[in-house]
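Peer 1: Mind looking at a prediction? Sequence and model below.
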Amino acid sequence: MAPKKKDEPGFSRRSFLKTVGAGGVAAGVLGPASTAEGQNVKAIGPAASPIQLNVNGKFHRLEVEPRVTLLDALRTRLNITGPKRVCDRGSCGACTVILDGRTVYSCSMLAIEAQGKVIRTAEGLTEGTVLHSVQRAFCDHDGLMCGFCTPGFVTAAVALLEKNPKPTRQEARKALDGNICRCGTYPRVLEAALNPKSAAGVKRG
Amino acid sequence: MARRRKKLEAGSWKLEAGTQQQPPPAAQAAPPPAPQGPPRNWPPVADRTLIGKSIKRLDGPDKAQGKAKYTYDIIRPGMLYGRLLGSPHAHARIKGIDLSAAEKLAGVKAVLALKDPAGEGANGKAFYQGDEIAAVAATTEEIAEDAVRLIKVEYEPLQALATAAQAMSADAPAVFPKGNVSQQSLQQEGDVEAALKSAAHIVEGTYSTQVQTHTSLETHGGICEWEGEKLTAWVSTQAVHGARDGIAGSLKIPQTNVRVITDYMGGGFGSKLGFDYQVVVCARLAKLANAPVKLMLNRKEEHLVTGNRPSAYAKVRAGVDAKGKLVAFDAETWGTGGAGAGAAFRVPYPIYVFPSRRQRHRDAYTNAGPQRAFRAPGHPQASFITEVVLDELADKLRLDPLELRMRNVLSATDPSQEDPSRQWRKYFPMGAEKIGWSKRHPTGDPASGPIKRGMGCAGNTWGGAGSRATRANCQILPDGSVLARIGTQDIGTGTRTLVAIVAAETMGLPLTGVKAEIGDTNYPFAPGSGGSVTVASVSATMRIACENARDELFAKVAPALGVEPSALAAKDGRIQVKDAPSKGMTWREACKLLGVQPISADGAFGPGLSSTGTSGVQFADVEVDIETGVTRVKRIVCVQDCGTIMDKLTAESQVYGGIIMGLGFALYENRILDRNTARMVNPNMEWYLLPGMSDIPEIDITLVDQPDRGPVGLGEPPVISTAAAVANAVANAIGVRVRKLPLSPDAILQALNEERTGGTL
Ligand code: FES
Ligand code: FES
């Protein structure tokens, strides 16, 4: 799903729905359509079934019940804990991952639905020991305090710059409106995202 | 009030003696006397290589890469997942708890009842939604959730008190054993009634602020792992030592048997200062299951049971004389901190001089999760009430509210002396200049169209002194490495980096030459990170430990250089003779002289390296749409001091953070309880609104460095005056006074509706 266009002048993030994974809430709403489509599909669950996830360039085999979210699969099964669980219902962005080039809230997508997709988390942005340019900019600008929201912000910023290497201030704000920080790092997160050095290290996706 | 008891003795209110409110719990504990030692100093300003510069956070890369492991992220071998069952009712008698079905579920390893249907008082009752009834531990989180659903609890729902007004009403049911309302406390100075009679102008009104929840992104909780009778607990806490003592006390085991570790933690803002019941439950589950257990609260539980900023109400009468001198402030105040918890705040806010003042306060208890310390407890509430009253008095006088502040703000006790902790008289004009105060229209934006613009301001004060109980350890190893250890914790403020800055500065090494180790009760005692005591406690004590270690090294090196140890200096990675810098050796060469025996030196907090008392002001420039009631803050200007700035970069972040949290308090955040059931309507993050990226105005920070004072805490001050400044700016924009927070669209439209003609202004 493409991110919805936010209203102008956009008083806040709340007028904006960030891309939510195709599963979770959205699947519920789209019930009839998915049933029709699913008629040829073998039913799985409720017991755990084997799945394969492509995370940060590595394939992982794991067994999860269909109800397990992508976030929980990453965190508790694969020990990939960059994505954080904060609201667990699509309203804070701490669990943001990049899935086939787009940001999704991994708390709002089922792990079984993420099969066959290319999943990237904050951990996977680093090349060897070299920080991604966006991660470096977050450190340089102090766009992180307690750091709990940081992997989510970093991934959202990277996804933005991969699509749009020269965002305006307004575009960057909108792209980051789906992430919440309680420590109040926003001004510096924005500086980090807008620092040209950030975009310089980004591969166009 | 029916329940009002006899008046308490009037407490004297020594405003001039000190502007601070109660010290935080950590500072209250009777500290051991700090040992005497040589006089201590920071290096002269010109010689400082790190202190006061913009130093990047040492743990930034780990955080940005998602590598930093928070309590929530840690997985121990064989670890189980714990979950709580909380009461769905805000007030209920527990008539039965049946755990059997949960116990039988495959994968469940431990189940505990936390209430006793036969129990007395709180033991057999739930006093607020989320009050813990039972807990389980299972092999996966999903199974733990299933198990919680299988627990059968029989509740007898009882009438609940949702609001302070309900609690205080004469026909309220008796909910709390000691009454629904506390005794009235009285603070007074001078004869308020006489002073009010003499006033040229009087403002009367009722002012209020809402309940705000901390909403730390990492929820409360921990991981508990037993090895025999020894417990290791990874806890998301602001006080590793406090957590250890609380856990040991609750479990009735020796403190030596408990080790608490907090490597990274995702925010606390005061709510993680006390030790947590959940972690004790977690430890009991782990014992029962004979396996490590992780128990982290979910978002709903976090809103319900981990504390909040209590509400505040004040019925005020305040007077000013014809010359613009404040004469009296009289307030009847109340508020609710939830079930059995206080809601204290002090008005008038103590940076303005009201020669006569009186506050009569009562706490109203409601069926909601008890309050906890929240960043500058009491201050934002008191600041809002006082600063809004001040603006209203200025309007009555037809005087610029800034001028009224200048005439009445506290200044140095001795006017011939400069008091670095009372700089408002200097900062108000600085802020005014930056925000363009001269362009402020006297009242109500006269421009046509629905968008109205206005400006307002407010001031703040805080203590932030160090704790004398603080201890630290510094080791110099034969290979030249330096280890700085202290049992403090980094709650997002940059404490880890601060420890390294102090150690490196003292040793004359680059930051990379030292290693800071914190967040573990195996390290020397440091107070909980609350009350903004950390920077002063940690900097001063670590400086002393490092100087002690360095002096031992000097003693080793001096004979080799043929000088007295006191002639040596550690600078630029060398140990050298002060007066002949070419005479010396590299740090590494010096450390080699240690042979096999490292230096290990302790430090105890001592005077002279830190200070107390801060002052600051904030200005807001806002736009209000009078058709929709939506307020948009355009700009915040802040002038703030904090003694010696240790790390400019992280200090500024602290100020941004405080202001943004203040914006949440001003405009968005509001814990809403259903007025019939006292259940929370918005225990999530889509209806409990925090500021987001597009809500952030331009923020202009001037941090005033006072390099000779030593550091003073900065965590709390910046959150205090934002809401007050915004509220005054809103009134200046729309010509109508909104006397309650948050300044939500409905509150603004309602105020406009009630006072279309701008009645109060
Ligand atoms: S945890 Fe997924 S959006 Fe909050
Ligand atoms: S840095 Fe703490 S929540 Fe964003």
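Peer 2: On my side now, so go ahead. Residues are numbered from 1 along each chain as shown, chains lettered A, B, ... in the order given. Ligands and ions are numbered 1, 2, ... in the order given.

Peer 1: low-scoring pLDDT stretches of the chain, where are they?
Peer 2: Defaulting to chain A. A:1-41, A:204-205 (pLDDT under 70).

Peer 1: wrong one, I was asking about chain B
Peer 2: For chain B, the ranges with pLDDT under 70 are B:1-36, B:757-761.

Peer 1: can you pull the contacts of the residue of it found nearest ligand 1?
Peer 2: Using C-beta to the nearest ligand atom, residue B:685 is the residue of chain B that sits closest to ligand 1, at 6.8 Å. To be clear about C-beta, it is placed using only N, CA and C from the backbone, and glycine gets the same treatment. Going by C-beta atoms under 8 Å, 6 or more residues apart in numbering or on different chains, residue B:685 touches A:86, A:87, A:89, A:91, A:92, A:180, B:215, B:299.

Peer 1: what about the fifth one, helix or strand, and which?
Peer 2: Here residue A:92 sits in a region with no helix or strand, counting by DSSP states H and E.

Peer 1: And the second one, by the same measure?
Peer 2: Residue A:87 belongs to no helix or strand when assigned by DSSP H and E.

Peer 1: okay, now the closest residue to chain A within the stretch 451-600 of chain B: neighbour count?
Peer 2: The minimum distance from the stretch 451-600 of chain B to chain A, using C-beta to the nearest C-beta, falls at residue B:492 (2.9 Å). The local packing of residue B:492 (other C-beta atoms under 10 Å in any protein chain shown) involves 31 other residues.

Peer 1: Please name the nearest non-neighbouring residue to it.
Peer 2: Spatial nearest neighbour of residue B:492, excluding adjacent residues (C-beta to C-beta, 6 or more residues apart in numbering or on different chains): residue A:146 at 2.9 Å.

Peer 1: Touching, the one you found and residue B:265? I think so.
Peer 2: Yes: applying C-beta atoms under 8 Å, one finds residue A:146 in contact with residue B:265, separated by 6.6 Å.

Peer 1: so what sits against both of these two?
Peer 2: With C-beta under 8 Å, 6+ apart, residue A:146 and residue B:265 have common neighbours B:218, B:491, B:492.

Peer 1: Any chance of a markdown table for these, columns secondary structure?
Peer 2: Formatted as a markdown table, the shared contacts of residue A:146 and residue B:265 follow (DSSP: H, G, I helix; E, B strand; the rest coil):
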| residue | secondary structure |
| --- | --- |
| B:218 | coil |
| B:491 | coil |
| B:492 | coil |
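
Peer 1: quick one: the longest helix seen in chain A near chain B?
Peer 2: Taking DSSP state H as the criterion, chain A has its longest helix at helix A:150-163. Yes: applying C-beta under 8 Å from any C-beta of the partner chain, one finds helix A:150-163 touching chain B at A:150, A:151, A:154.

Peer 1: hang on, the second one packs against residue B:62?
Peer 2: No: using C-beta under 8 Å, residue A:151 is not in contact with residue B:62; the gap is 10.5 Å.

Peer 1: which ones are touching the closest residue to residue A:74 other than its chain neighbours?
Peer 2: Among residues not flanking residue A:74 along the chain, residue A:80 sits closest, at 4.4 Å (C-beta to C-beta, 6+ apart). For residue A:80, the contacting residues are A:55, A:56, A:74, A:121, A:123, B:66, by C-beta under 8 Å, 6+ apart.
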